[in-house]
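Undergrad: What shape does this take:
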Amino acid sequence: MPHIPLELRQAPFVTENGASVPAPRLFVRADFLSPRGQRIRYRTIVDTGSPYSFIPHKLACQIRWSSLGRQLIIGVRPTAVTWFGVPCEMGELEVELADPRSLVRTNPLRVVAKVASQPAQGFLEEFAVLGLNFVLDNHAWQELDATGPTFTGSLLVP
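TA: Here you go, the predicted structure:
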């Protein structure tokens, strides 16, 4: 079972009153697969607070993915698929996660994601997001330990 490290990075936000309110994010080394099977590395966040994964347009243009639809239906009411106002399609694709130190790599893992249909503004284009559905779909185990002097975290994927 590959043990893939998560790297904690924090954006150093400060309020207008001078209070430090850093925004933590968990990054993972992720290689998405191109139509020719080549690995495309992209800055990727693991965010289990997000129900779905997200693939920015810049990455979507370089990788192999298949559309699952442009609307989500809750009850009988269809809703357009969007991510922070960016039009999307639900798509299915594969990603490989890697440990940059040991070079251990997972087999290709399934990702069901909101795939941007057009470029997003600002930071939304900079990162792919692996949401809670990614962890559940791949039967992964996420470990986080902030009890010691340094943070450690990892994903264990069968």
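Undergrad: contacts, neighbours, all on C-alpha from now
TA: OK.
Undergrad: What's the per-residue pLDDT of residue 144 here?
TA: Residue 144 carries a pLDDT value of 93.
Undergrad: Which strand residues bridge it?
TA: For residue 144, the beta-bridge partners are residue 153 (DSSP bridges).
Undergrad: For it, which residues are in contact?
TA: Residue 144 makes contact with 151, 152, 153, 154, according to C-alpha atoms under 8 Å, 6 or more residues apart in numbering.
Undergrad: and these, which are buried?
TA: Burial by neighbour count, judged by 16 or more other C-alpha atoms under 10 Å, picks out 153, 154 from the contacts of residue 144.
Undergrad: Identify the farthest-apart pair in the contacts of residue 144.
TA: In the contacts of residue 144, the most distant members under the criterion C-alpha to C-alpha are 151 and 154, with 10.4 Å between them.
Undergrad: from memory residue 44 sits against residue 129, does it?
TA: Yes. Residue 44 lies in contact with residue 129 (C-alpha atoms under 8 Å); the separation is 5.6 Å.
Undergrad: Pick out whichever of the two has more residues nearby.
TA: Neighbour totals were compared for residue 44 and residue 129, and residue 129 leads with 24 against 21 (other C-alpha atoms under 10 Å).
Undergrad: Kindly export the host helix or strand of that one (C-alpha atoms) in PDB.
TA: Per DSSP states H and E: residue 129 is located in strand 128-131. What follows is strand 128-131, C-alpha atoms only, in PDB (Å, rounded to 0.1, in the frame of the first residue of the first chain):
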ATOM      1  CA  ALA A 128      -6.000  20.900  -9.200                       C
ATOM      2  CA  VAL A 129      -8.100  19.700  -6.200                       C
ATOM      3  CA  LEU A 130      -8.600  16.100  -5.100                       C
ATOM      4  CA  GLY A 131     -11.800  16.300  -3.000                       C
END
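Undergrad: ok now that strand, how far from the chain's centre?
TA: Relative to its chain's centre, strand 128-131 lies at 1 Å (C-alpha atoms, centre = their mean, to the nearest Å).
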